[in-house]
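>>> Quick check, what structure comes out for this input:
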Amino acid sequence: KDIWEKTKASINTNICMRMQTANGGSQDMAGCLEMLEIEVDGIKSWAHAYVIPDAPYHLLLGRPWQKLVCLSKSEDADKVYVTIQDPMDDSNVR
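Down below sits the predicted model:
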């Protein structure tokens, strides 16, 4: 809900879903911000963002977004390295 209020993006309340929470419960979503622009380190991408009224996070990026930006990660003992690719320009990798 924080992102929706901050961006003032239009919400489609006709698209409603119910999400299973990590603690085994479920929560209704308030609607969908269709094709919300997401910019990470200068790379722009878009995704449908479902609005959850009392989520304990601002934005949760799932597998569809990870696939869109060809996300890859590697780890060592104390760090995680994440790389994403611009969906509009394969040569732009961060």
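>>> Please count neighbours and contacts with C-alpha atoms only from this point.
Fine.
>>> In space, not sequence, find me the middle residue of the protein.
Residue closest to the average C-alpha location in the chain (C-alpha atoms, centre = their mean): Leu61, at 2.8 Å.
>>> May I ask you to confirm that Glu5 belongs to a helix?
Yes. With DSSP: H, G, I helix; E, B strand; the rest coil as the criterion, Glu5 is located in a helix.
>>> any idea how far it is from Thr13?
Distance of Glu5 to Thr13, computed by C-alpha to C-alpha, to the nearest Å: 15 Å.
>>> Which of the two has more residues huddled nearby?
Neighbours were counted for Glu5 and for Thr13 using other C-alpha atoms under 10 Å; Thr13 has more, 14 against 9.
>>> Spatially nearest residue to Leu59, not counting backbone neighbours?
Counting by C-alpha to C-alpha, 6 or more residues apart in numbering, Ile3 is the residue found nearest to Leu59 once chain neighbours are left out, at 7.1 Å.
>>> element containing Pro64, please.
Per DSSP states H and E: Pro64 is located in helix 63-68.
>>> cool, Cys16 as well?
Cys16 belongs to no helix or strand when assigned by DSSP H and E.
>>> residues in contact with it?
Cys16 is in contact with 28-32, counting by C-alpha atoms under 8 Å, 6 or more residues apart in numbering.
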